[in-house]
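Novice: need a 3D model of the sequence below.
(chains A and B)
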Amino acid sequence: MIALLQIELIKTLKRRAFWVSLGLFLLFFLPLMIAAFGRGGSIEINNQKLVSIALPQGWGLMLDLQGLDIASMSRLFLPVMVCIFIGSEFVFKTSRQNIIDGLSREQFFLAKVIYVLFMAVIFFVLYLVLVFTFGYLLIDRSQITDAIVRGVDVQMMGAFFVMLIGTGLLAMLFGIASRNTGTAIGLFFFYSTVVEQIAPNLLRLKESLRPIAEYFNYLPIHIFREIVKPGRYDTEALSAKFAQMQGASATPDMTTQTVWICALVYLVVLSGASYLLLKKTDL
Amino acid sequence: MAIIEVFNLTKVYTNPLTRKQKRAVDGISFSVEQGQIFGFLGPNGSGKTTTIGMLLDIINRTDGEIKLFGETNLNAARKRIGATLETPNFYPYLSGYDNLKIVAKIKGIGEERVQEILGIVKLSSRQKDAFKAYSLGMKQRLSLASAMLSDPDIIILDEPANGLDPEGIREIREIIKGLGRQGKTVFLSSHLLDEVEQTCTHVAVIKDGKLVKQGSVAELTSRNIARLQADDMDLLRTVLRSYGGVLSNETRDGAVFAALGEGTLSDLNRYLASQGVYVSHLSEARQSLEEVFLELTS
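Specialist: Down below sits the predicted model:
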């Protein structure tokens, strides 16, 4: 297990694409956070002044900011990185060489899961560092009533971590199925936009098809987006603040329990599907 | 002791749309004894790489059984094997050293061996360069280094001399012969039949997924062929045709080559003399491996 982690670290940390992707991710958020810091912590989107990113509210706010939040951007960056790294194992034919050198298919699969977990940890740590650094500096110490990290924040963090793993596993499945970096990325975004977003919206246009469209709410990307909505956890404070925003997604349309069960089931299903695909196909 | 045993190995590919099936490997069986340098020969598309792929468990077999070191658990056995398949497969952005470090971690051996093996294949001075910057010859040498890294009991090499210049081919040949001298078992697939003949002790020939011949190189190349010359070559050919022990004969390079079914050169000489033909030259001719291969596969 440790050897597998060490192998994945050698492959990942010495690859320029890894550092470039992380750099772009930070490049996106650092100016946003610095600008918010300059305005006393408030973030404006579409001319709407949002709440302060000061802690503890900052933990939730940065996970649901109309697409400009860390959760949304992680759902963009993390799958791309997973598709690049796992797809290239097949493009370089190193997947077969790893097996020839002595890994079993189970170990190779485990190594890819470790890689997904590693990437999830990286994005999770980035979230913690970014929000904590700027959020802590903005705390109005004279008005501190809550702890910096509340119970609901821990729940949100857990949900965010599950979202990261789930999104990574979905990208892993596309990487293993397509065996190609570009195709995997293309398939992932085709699936997440066309299948999960455009298709149900088209179905909703026709009255008779609306019930079918509702089933699309149970597809993985939607579930992973739902699980991380702060309104599920910080119902009083965050819901009230998010409700000020037009089109805010604070009100959950599915129970939190349902979303968690679906998310955990997807973690198992996506891992199992990837494993079976790897086991059954020739490398 | 047989350390590679293959029984009735079969691979069938099915087109998912037409359901049409293709038998890439069709029930082949062979065994490789410890210490042999075993050449696995066949024309393009004959099923060589598929067979090696099944040996290494990167291609799922449709039927048949494989035993490595007497075990059917190939996962455990693969750690005792060093192998390269088709082109050298490495991470192009990593250095030669880092690529071998990954192999060392998979095989559970120390990093000090990486330096040692890089020295053996003469890549020490370029070990920090990215693999993608290597020439084809250097890539092949790194591939060989990777296969030899764990000092394996079996080394499987698929076209190791591909793209190499004569000097590179000679180096590879010397390395393989050296492995043979160390008592290692080498399983070699190559199109360079001259190289195989010089390097291998045993060969198997595969055609259209079926094994057509297996044996030692000496057995395959020393068919009972007589090379004959006489003052009256027409008479020689005529008399040869009347001799029941000659299966066929052909004339080339100013001599008649006669394939003998039974009997020895002495028997033939006695018969020719009895028919009034006195040969000026009579010797046993040896077929090259290339000739044997072409005869078997054409």
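Novice: what bridges to residue B:279?
Specialist: Beta bridges link residue B:279 to residue B:230, judged by DSSP bridges.
Novice: tell me the pLDDT at it?
Specialist: Residue B:279 is assigned a predicted lDDT (pLDDT) of 90.
Novice: I'd like to know how far it sits from chain A.
Specialist: Separation of residue B:279 from chain A (Cβ to the nearest Cβ, to the nearest Å): 55 Å. Any C-beta I mention is one placed from the backbone N, CA and C, and that applies to glycine too.
Novice: burial count for the residue nearest to residue A:177 when sequence neighbours are not counted?
Specialist: What sits nearest to residue A:177 in space, not counting adjacent residues and going by Cβ to Cβ, 6 or more residues apart in numbering or on different chains, is residue A:277, at 6.0 Å. Residues within reach of residue A:277, counting by other Cβ atoms under 10 Å in any protein chain shown, total 15.
Novice: same question for residue B:225.
Specialist: Residue B:225: 18 neighbours (other Cβ under 10 Å).
Novice: now do the phi/psi pair for it.
Specialist: Reported as degrees, to the nearest 10, the phi and psi values for residue B:225 are phi -120, psi 130.
Novice: tell me how far the residue lying closest to it once chain neighbours are set aside lies from chain A.
Specialist: Closest residue to residue B:225 apart from its sequence neighbours, by Cβ to Cβ, 6+ apart: residue B:285 at 4.3 Å. Counting by Cβ to the nearest Cβ, the separation of residue B:285 from chain A is 41 Å.
Novice: can you pull the contacts of residue B:39?
Specialist: B:188-190, B:196, B:199-200, B:202-204, B:217 (Cβ atoms under 8 Å, 6 or more residues apart in numbering or on different chains).
Novice: which one of these is nearest chain A?
Specialist: residue B:189 (13.9 Å; Cβ to the nearest Cβ).
Novice: so for that closest one, what's the pLDDT?
Specialist: Reading off the model, residue B:189 has pLDDT 89.
Novice: cool, residue A:41 as well?
Specialist: pLDDT, read off for residue A:41, is 64.
Novice: likewise for the one 10 residues further on?
Specialist: With respect to pLDDT, residue A:51 has a value of 61.
Novice: go on, the one 10 residues further on?
Specialist: The predicted local confidence for residue A:61 comes out at a pLDDT of 79.
Novice: just give the closest residue to residue B:231, not the sequence neighbours.
Specialist: Using Cβ to Cβ, 6+ apart, the closest residue to residue B:231 is residue B:280 (6.6 Å).
Novice: residues near that neighbour, how many?
Specialist: Around residue B:280 there are 9 residues (other Cβ under 10 Å).
Novice: then residue B:241?
Specialist: Counted with other Cβ under 10 Å, residues neighbouring residue B:241 total 11.
Novice: may I ask you to confirm that residue A:59 is in contact with residue A:158?
Specialist: No. With contact defined as Cβ atoms under 8 Å, residue A:59 does not count as touching residue A:158 (11.6 Å).
Novice: neighbour-wise, which of these two wins?
Specialist: The neighbour count for residue A:59 versus residue A:158, taken as other Cβ under 10 Å, is higher for residue A:59 (27 against 14).
Novice: interface residues of the stretch 51-200 of chain B facing chain A?
Specialist: B:53, B:56-60, B:75, B:78-79, B:81, B:83-85, B:87, B:89-94, B:98, B:101-103, B:105-108, B:146 (Cβ under 8 Å from any Cβ of the partner chain).
Novice: repeat the analysis, applying 7 Å as the threshold.
Specialist: For the stretch 51-200 of chain B, the contact set with chain A under Cβ under 7 Å from any Cβ of the partner chain comprises B:56-60, B:75, B:78-79, B:83, B:85, B:89-94, B:98, B:101-103, B:105-107.
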